[in-house]
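> model the following, please.
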Amino acid sequence: MTTSIFVNIPTSDLERSKAFYTGLGFGINPLFTDENAACVVLDENIFFMVLTKEYFATFTDKQIIDPKTHAQTSIGLSRDSREDVDSVMAAGLAGGGSEPKPAQDYGFMYSRDLEDPDGNILGFLYMEPQAADQGPEAYMAEHAQG
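Prediction:
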């Protein structure tokens, strides 16, 4: 069985969101895109459903928060290198996103947070493959300078 992931995120400006996410290099599936929603294709199994706030509200009785002032989730997305992290961040910042805090470099992992124009939090990260296989403590112990 293959599992696909559909992450629903609210937007106050659907056209701006579509431009932002295509600027990051993602595609839009026109079959699932209309005036209420856009299906952003990250890869063959991962999608963002960017929904107008009004449409998003039809899926829940709970209050829809404003992602500019409240955090509900932070979506982590891996990249193939530190340079890829920096590249996607540059595209996101050029497309109207913001970087809420400095880059984090843990030696085994490098990450940067990007907020889309609505304030939804995306974390882009690169982890050394060996650290992913061994775990961060074993990797750092093996690569300790001393």
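> what residues of the longest helix along the chain count as buried?
Ranked by number of residues, the top helix in the chain under DSSP state H is helix 82-94. If you call a residue buried by 16 or more other C-beta atoms under 10 Å, then helix 82-94 has these buried ones: Arg82, Val85, Asp86, Val88, Met89, Ala91, Gly92. (Glycine included, C-beta is placed from N, CA and C.)
> and those, which is closest to Val41?
Closest to Val41 out of those is Val88 (15.3 Å), distances taken as C-beta to C-beta.
> which elements pack onto the strand or helix carrying Tyr110?
Using DSSP states H and E, Tyr110 falls within strand 109-115. Packing partners of strand 109-115 (3 or more C-beta pairs under 8 Å, 6 or more residues apart in numbering; DSSP states H and E): helix 82-94, strand 104-105, strand 121-127.
> export these to a markdown table and tack on mean pLDDT and distance to Asp61?
Output for the helices and strands packed on strand 109-115, formatted as a markdown table (pLDDT from 0 to 100; distance: least, C-beta to C-beta, whole Å):
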| stretch | mean pLDDT | distance to Asp61 |
| --- | --- | --- |
| helix 82-94 | 97 | 32 |
| strand 104-105 | 96 | 36 |
| strand 121-127 | 95 | 24 |
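> strands paired with the helix or strand harbouring Val40, and their directions?
Secondary structure assignment for Val40, by DSSP H and E: strand 37-43. Strand 37-43 has its sheet partners listed here by DSSP bridges as strand 27-29 (antiparallel), strand 46-52 (antiparallel).
> domain ranges for this structure?
As assigned by automatic domain parsing, the chain contains the domains 1-59, 73-146.
> figure out which of those is closest to Ile65.
Of all those, domain 1-59 comes closest under C-beta to C-beta, at 8.3 Å.
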